[in-house]
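> let's see this in three dimensions:
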Amino acid sequence: MKTSKQSSRISLAVAAVAALVSMGAHAEYRCQAPPTLEDKVACGLAKLDRPDELRLFIERTSSIYGLYFYDYVSPEDVDRWHSALTP
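Predicted coordinates for the structure are as follows:
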């Protein structure tokens, strides 16, 4: 059974939209009002300038919570960490 070109295009368009929506789901900064305990822990580690501990926490709990490192890091955090590394 062959599918028509139009239905194939629709399927591709739906897949593309779904991919864009799922990529945009990680584009939020969760530390303005952390809703869960794991968000509070991750935000606390980010604010205490402990990026290595934050990354370790996220890696260890990724199968449980599905956290994403850059949801907890603001541009200000990155600037602070970068300036602390450069002499």
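> ranges for the helices of the chain?
Under the criterion DSSP state H, helices of the chain are mapped to 5-24, 37-47, 51-65, 75-85.
> can you tell me how far residue 70 sits from residue 39?
For residue 70, the distance to residue 39 (CB to CB, to the nearest Å) stands at 14 Å. For every residue, glycine as well, the C-beta is placed using N, CA and C.
> no wait, residue 68
Counting by CB to CB, the gap from residue 68 to residue 39 is 11 Å.
> residue 70 and residue 39: which is more packed in?
Remark: of residue 70 and residue 39, residue 39 carries more neighbours, 17 against 12, as counted by other CB atoms under 10 Å.
> let me see the contact set for that one.
Residue 39 makes contacts with 30, 31, 67, 72, as judged by CB atoms under 8 Å, 6 or more residues apart in numbering.
> swap in 6 Å and give it another go.
Residue 39 makes contact with residue 30, according to CB atoms under 6 Å, 6 or more residues apart in numbering.
> what does the pLDDT read for residue 60?
pLDDT, residue 60: 95.
> for it, grab the count of nearby residues.
11.
> all numbers from here: first residue = 342
Happy to do that; since the first residue is 342 now, the last one works out to residue 401.
> and it, how far is that from residue 370?
Note on residue 401: its distance to residue 370, by CB to CB, is 22 Å.
> now do residue 411
9 Å.
> for residue 396, same thing?
Residue 396 is 17 Å from residue 370, by CB to CB.
> can you check residue 415 too?
Per CB to CB, residue 415 is found 6 Å from residue 370.
> what do you get for residue 412?
According to CB to CB, residue 412 and residue 370 sit 7 Å apart.
> comparing these two, which residue is more hemmed in?
More crowded of residue 412 and residue 370, by other CB under 10 Å: residue 412, with 18 against 12.
> help me confirm that the more buried one comes into contact with residue 375.
No - Residue 412 lies out of contact with residue 375 (CB atoms under 6 Å); the separation is 10.3 Å.
> where does the prediction get shaky in the chain?
Where the chain drops to pLDDT under 70, the residues are 342-368.
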